[in-house]
Each structure stands twice: as C-alpha cells, then as structure tokens.
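Participant: Pasting the sequence and the predicted coordinates here, then a few questions.
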Amino acid sequence: MFKESKLYSIFKNKCPKCHEGQFFQTNNPYNLAEFSKMPEKCPVCGQKYEPETGFYFGAMYVSYALGVAIFVTVWVATSVLTPDLAVGWLIALVLGAILLMFPVSFRLARLIWINLFVKYTGKDNKVQHNHN
C-alpha cells in the first residue's frame, strides 16, 4: 500500500498527517480494555488527535455507513448461501456480525473521519525534540 495514501493511515492505524505515529494506542481492536484509547497527539509530528471538542461526533455517520455495509453484506451472503434460513436466525446473524465488528468499525470510523480533515504532509513536519 502506498504510504502517501489516506488508506495507509486508515488501515495501518497511523497518524493522518505524518503516517508514522500510532493513532490508537494498540493495534488490536479486540483488546476491549484499550480499543478506543488514543494519545492526545501524535508522538512523531505533534498532530492533535482531537482537534476540537466533539470532533468525533461526525464519525458516527461513518460508523452508521459501515454498520449498513456489514448488515447488507451479511444479509445478502446468508440469503444466498442458506436461502431457507428463518428470518429470526437471519436477524440474529446480522446483529451478531454487527456486534462482533463493532471495535473494528469504531476505529475505522474515527480514522476515516480524521483523514477527511487532516492533510498528509509526510516526515518533514516532525516535532523537534530538545535533548538538553
């Protein structure tokens, strides 16, 4: 994947500005104690990960779209593979998939949202550390 691409930042859990620093503290979305924890800013370039209070309310729209995509995918796949499955089981499978994918979709929604607003600038804008 090209490092300059926004997809690199989104799928590799990287800072949207420098594509170097971690966006979430852990790469494992299923570490439920820490799946949503983010540093205040990028340790490499200093980009604030929450530019303003309530910034991630907009990510709920992205999360909704991801939830709809999961719903449609599971519904269609289940309907094609097991056409005689009762509707109750179909609904249970869809809800189970959405719950199982929640940590991943939560993180993807935040990464997609911030990548809409922060431009990639590369390594040139790193924070200068004073070691005196």
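Facilitator: Structure received.
Participant: Quick check: chain neighbours aside, which residue is closest to residue 110?
Facilitator: In this structure, residue 110 finds its nearest non-sequential neighbour in residue 59, 5.0 Å apart by CB to CB, 6 or more residues apart in numbering. Just so you know, the C-beta spots here come from the backbone N, C-alpha and C atoms, and that holds for glycine as well.
Participant: ok, the one you found - how many residues close by?
Facilitator: 20 (other CB atoms under 10 Å).
Participant: What helix or strand is it located in?
Facilitator: Following DSSP states H and E, one finds residue 59 within helix 59-81.
Participant: any idea which helix or strand comes after that helix?
Facilitator: Using DSSP H and E, the helix or strand that follows helix 59-81 towards the C-terminus is helix 87-117.
Participant: next one: that following helix to chain centre, how far?
Facilitator: Distance of helix 87-117 from its chain centroid, counting by CA atoms, centre = their mean, to the nearest Å, is 10 Å.
Participant: Same question for stretch 41-57.
Facilitator: Here the centre of stretch 41-57 is set off from its chain's centre by 14 Å, with CA atoms, centre = their mean.
Participant: Show residues contacting that stretch.
Facilitator: The contact list for stretch 41-57, computed with CB atoms under 8 Å, 6 or more residues apart in numbering, reads 15-18, 20-23, 38-40, 110, 113-114, 117-118, 121, 125-127.
Participant: out of those residues, which are buried?
Facilitator: 15-18, 20-23, 38, 110, 113-114, 118, 126 (16 or more other CB atoms under 10 Å).
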